[in-house]
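>>> Using only what follows, build the 3D model:
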Amino acid sequence: MRRVLALLLTVACSPPAPQRPAPPPVAIGWDVPPGCPDRAVVDATLARLLAGSPRDASPEITAVVSIEHAGAARFVARVQLGADARVLEAASCNEVAQAALLIVAMAIDPRIGGPADPRPSSGEAPGDTAPDVIPEPSAMAAPDAAQTGAAPETSAQSQPADVRSTPVAEPARRRQRTPVRALLRAGAGIGVGGPPAPSAVVALGAAIAGLRWRVEIDGDVWTPRRRTAPADPRVGAEMLAWSVGVRGCGSPIAGRFELPLCGGLRAGALRGRGTGSLRSSTASSPWVVAVAGVGLWGWVVPRFAVALDVEGLVALARPGFRVDPAGLVYTAPEGGLRAVFGAVVRLP
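As a prediction, the model looks like this:
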């Protein structure tokens, strides 16, 4: 009887077995382009990161993550946690998405990614042995984020490789600004509308470009062509053209391939040298055209692309040459076409 009473007292006085609480809930907005991790991957990743977190690790939070394709082989993610924000950049959408989810998980449980608490091995009572690892002075001096209420910061060890994190000090900045880069371009092609008949065109240019826009300035030379006077075949002119142009472009497609739609102005001159009995005679005539066209760009690697641009020309000032008494030798047409294919180099 005494044994039965002792057993009942032992059971009654024993504390109940602790139950591990479920991970805290998190409401997360997920705005990403096609090809990035979907909602199922997000839920699975957060469940894995928060698997060992008690419910009281942090109050329920609301997070918004947006990812944009910032040019060739670069993705930018913005993580908004209340008034705090963080911007991440990586070479792939999966890398930047994993880093963003890690920041969200650390906001829920600041212990994620921090130094682990030393625990005794099985079979050893607490206090029998001293821990083998002593925290560094910097780690010991730093206040616990859960106590201070400050937003957690991602350490370098907890981020994927090649992911750069930049804190945003101004909450009013809602979208990440895409870096403006410089481009250099060289190409050659064909042109109609300057010198007589189709001419070869050689062009060099430079531009500044963002994610979906570009402002470009370039110069070109149209190779010489000959024309004789209709009234007197013994005289004529050899003509070449040059021009400098400024144009603005916008692309509805941004990524490895671009489809720029462009418009602008070109101004230059048509220069003629007499032929036949007019060999010593030279003259220049102004040439101004409005241009509009479309291009097709493909980035082979992040800093090198091949580009084809085709433009229509509308003459605002038509150059021409006249020889007395033979009369008119040549007048540029009212419209034309210019197609240039070449290489583009993006400067760092």
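>>> Assign A47 to helix, strand or coil.
helix (DSSP: H, G, I helix; E, B strand; the rest coil).
>>> whoops, I mixed them up, M106
Under three-state DSSP, M106 comes out as helix.
>>> Would you map the helices across this structure?
2-13, 39-49, 93-108, 137-141, 145-148 (DSSP state H).
>>> which of those has the lowest average pLDDT?
Of all the helices of the chain, the minimum mean pLDDT falls on helix 137-141 (a mean of 37).
>>> any chance you could map the strands in the stretch 201-348 of the chain?
Secondary structure of the stretch 201-348 of the chain (DSSP state E, counting those that start in this stretch): strands at 213-229, 232-250, 257-258, 261-276, 282-301, 304-317, 320-323, 327-331, 335-346.
>>> quick one: low-confidence parts of the stretch 201-348 of the chain?
Per-residue confidence for the stretch 201-348 of the chain (pLDDT under 70) gives these ranges: 277-280.
>>> Just grab the bridge partners of the residue nearest to G293 when sequence neighbours are not counted for me.
Once flanking residues are discounted, G293 sits nearest to E311: 3.3 Å by CB to CB, 6 or more residues apart in numbering. Placement of C-beta: from N, CA and C, glycine included. Beta-bridge partners for E311, by DSSP bridges, are G293, R338.
>>> Looking at the strands of the stretch 201-348 of the chain, which is nearest to Q98?
strand 282-301 (24.4 Å; CB to CB).
>>> Tell me the helices and strands packed up against the closest one.
Counting contacts by 3 or more CB pairs under 8 Å, 6 or more residues apart in numbering; DSSP states H and E, strand 282-301 is packed against strand 232-250, strand 257-258, strand 261-276, strand 304-317, strand 320-323, strand 335-346.
>>> Kindly recompute the last result at 10 Å.
If you count contacts as 3 or more CB pairs under 10 Å, 6 or more residues apart in numbering; DSSP states H and E, strand 282-301 packs onto strand 213-229, strand 232-250, strand 257-258, strand 261-276, strand 304-317, strand 320-323, strand 335-346.
>>> measure G336 to L102 for me?
Separation of G336 from L102 (CB to CB, to the nearest Å): 57 Å.
>>> who's more crowded, those two?
The residue with more neighbours, out of G336 and L102, is L102; 22 against 18, by other CB atoms under 10 Å.
>>> Surely E216 touches L204?
No: counting by CB atoms under 10 Å, E216 sits too far from L204 to count as a contact (11.1 Å).
>>> Quick check: neighbours shared by these two?
Counting by CB atoms under 10 Å, 6 or more residues apart in numbering, the common neighbours of E216 and L204 are R185.
>>> Give me the more crowded residue out of those two.
E216 (20 against 13).
>>> Name all residues that make contact with the more buried one.
183, 185, 205-209, 245-249, 260, 262, 264, 309.
>>> which of those residues lies closest to R74?
Using CB to CB, those come closest to R74 at A209, 13.4 Å.
>>> what sits against the closest one?
Listed by CB under 10 Å, 6+ apart, the contact set of A209 reads 71, 178-183, 215-216, 249, 251, 258, 260, 344, 346.
>>> picking that back up, would you turn the strands of the stretch 201-348 of the chain into JSON lines with distance to I67?
Listed next are those as JSON lines, based on distance: least, CB to CB, whole Å:
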{"stretch": "strand 213-229", "distance to I67": "20"}
{"stretch": "strand 232-250", "distance to I67": "22"}
{"stretch": "strand 257-258", "distance to I67": "19"}
{"stretch": "strand 261-276", "distance to I67": "26"}
{"stretch": "strand 282-301", "distance to I67": "19"}
{"stretch": "strand 304-317", "distance to I67": "23"}
{"stretch": "strand 320-323", "distance to I67": "56"}
{"stretch": "strand 327-331", "distance to I67": "56"}
{"stretch": "strand 335-346", "distance to I67": "22"}
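>>> In this structure the residue nearest to G293 contacts P260, no?
No: E311 lies out of contact with P260 (CB under 10 Å); the separation is 11.1 Å.
>>> what residues do the two have in common as contacts?
In contact with both E311 and P260: R247, G293, V294, G295, using CB under 10 Å, 6+ apart.
>>> Just the closest of those residues to R234, please.
G293 (40.0 Å).
>>> quick one, what contacts that closest one?
Counted by CB under 10 Å, 6+ apart, G293 has contacts 247, 249, 260-264, 309-313, 337-340.
>>> try it again with 8 Å
G293 makes contact with L261, C262, G263, D309, V310, E311, G312, R338, according to CB atoms under 8 Å, 6 or more residues apart in numbering.
>>> do E238 as well
E238 neighbours (CB under 8 Å, 6+ apart): P224, R225, R226, G272, R273, T275.
>>> Can I have the buried ones of those residues as a ChimeraX selection?
To isolate the buried ones among these in ChimeraX, judged by 16 or more other CB atoms under 10 Å, type:
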select :224,225,272,273,275
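>>> Can I get the contacts of E238 in a markdown table including distance to E238?
Shown next, in a markdown table, are the contacts of E238 (distance: CB to CB, whole Å):
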| residue | distance to E238 |
| --- | --- |
| P224 | 5 |
| R225 | 7 |
| R226 | 5 |
| G272 | 7 |
| R273 | 5 |
| T275 | 6 |
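>>> what does stretch 34-45 contact?
I28, W30, I67, F75, C93, N94, A97, Q98, L101.
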